[in-house]
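> quick one, fold the following:
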Amino acid sequence: MASIAHPANLCVAEKELRVEMAAGFRWLDKLGMSDLTAGSIVARLSGVIGELFTHPHDLHFDEVCARDIVKVDDQARVIDGSDRRINFAAINPAAHVFGSRPDVNVIIHAHSPAIMAVSGMKDGLQLVSEPAFAFYKGLSYVEPDFHFEDDYCTAVVTALGGGKALIYRNHAFATVGKTVAEALLNAYLLNQACDIQLRMQASGEELIYPSEVELQRHYDAFYGNPKYIYDGSLEWPGMLRRLDREDSSFRNF
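Numbers count the residues shown, from 1 in each chain. Next up is the predicted model:
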């Protein structure tokens, strides 16, 4: 099929967003957070209302390229001429989140086995490791509903609030960010925190729980330094370089 997203027809910002989204999909796969065709990255250009970008629902994460990204409206109607299948259950919650969070331009919904395991635990994520400390604040939970109709998407928005990550009970997770890099870093940290927790619990040893004072200090190490914003911008260039070394096809239009 001919590419809809011919670079000559796209503004610089849209071309960059498409490349970064494709890179995000490739990294979710490399990090073990792909699930055949399930899951999504949905994004928008900063300040643009009513136009969202997603991937065709029949593609696996490791094969997404910039040319594959599809532009839709907030009702999941394709507006760029593509005839590929779009996942309404990806677009609808993203549209609701974007409508309530002007600071968010990207939402990732994926099915990491570690996070899915923790999603089925009554007490959820335990704050017992360095990556878990990043979620001392900004992590919430919502009961599962796999259809993502408007009522449930409203509940998702309420549960997420001003946070950076949401665990769907007995299901999966979502992370948000201003950029693909930030949303992906949040996903990486949440996945790492859940994986470490499962390893700790499997050992049968008693877990050490830091005090509230210690948790705040750890959290401040992530987000309390005004000279450094922990938003993925430091890590992202190197992640792109690695993809370029290993398989630069994510950039293809």
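
> most centrally placed residue in this structure?
residue 108 (2.3 Å; CA atoms, centre = their mean).

> need the contact partners of the helix or strand harbouring that residue.
If you go by DSSP states H and E, residue 108 is part of strand 106-110. Residues outside strand 106-110 that contact it (CB atoms under 8 Å, 6 or more residues apart in numbering): 24, 28, 33-35, 39-44, 90, 93-94, 97-98, 172-180, 182-184, 186-187. Any C-beta I mention is one placed from the backbone N, CA and C, and that applies to glycine too.

> averaged pLDDT, the next helix or strand after that strand. What do you get?
Next in sequence after strand 106-110, counting helices and strands by DSSP H and E, comes helix 113-119. Averaged over helix 113-119, pLDDT sits at 98.

> what does stretch 130-145 give?
96.

> with just CA atoms, put it into PDB.
Extracted C-alpha coordinates of stretch 130-145, given in PDB (Å, rounded to 0.1, in the frame of the first residue of the first chain):
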ATOM      1  CA  GLU A 130      14.200   2.800  43.500                       C
ATOM      2  CA  PRO A 131      12.000   2.800  40.400                       C
ATOM      3  CA  ALA A 132       8.900   2.400  42.600                       C
ATOM      4  CA  PHE A 133       9.900   5.500  44.500                       C
ATOM      5  CA  ALA A 134       9.100   7.500  41.300                       C
ATOM      6  CA  PHE A 135       5.500   6.500  41.900                       C
ATOM      7  CA  TYR A 136       5.200   7.700  45.500                       C
ATOM      8  CA  LYS A 137       3.000  10.300  43.900                       C
ATOM      9  CA  GLY A 138       1.300  10.200  40.500                       C
ATOM     10  CA  LEU A 139       0.100   6.600  40.400                       C
ATOM     11  CA  SER A 140      -3.500   5.600  40.600                       C
ATOM     12  CA  TYR A 141      -5.800   2.600  40.000                       C
ATOM     13  CA  VAL A 142      -9.100   2.100  38.200                       C
ATOM     14  CA  GLU A 143     -11.400  -1.000  38.000                       C
ATOM     15  CA  PRO A 144     -11.200  -2.800  34.700                       C
ATOM     16  CA  ASP A 145     -13.600  -2.400  31.700                       C
END
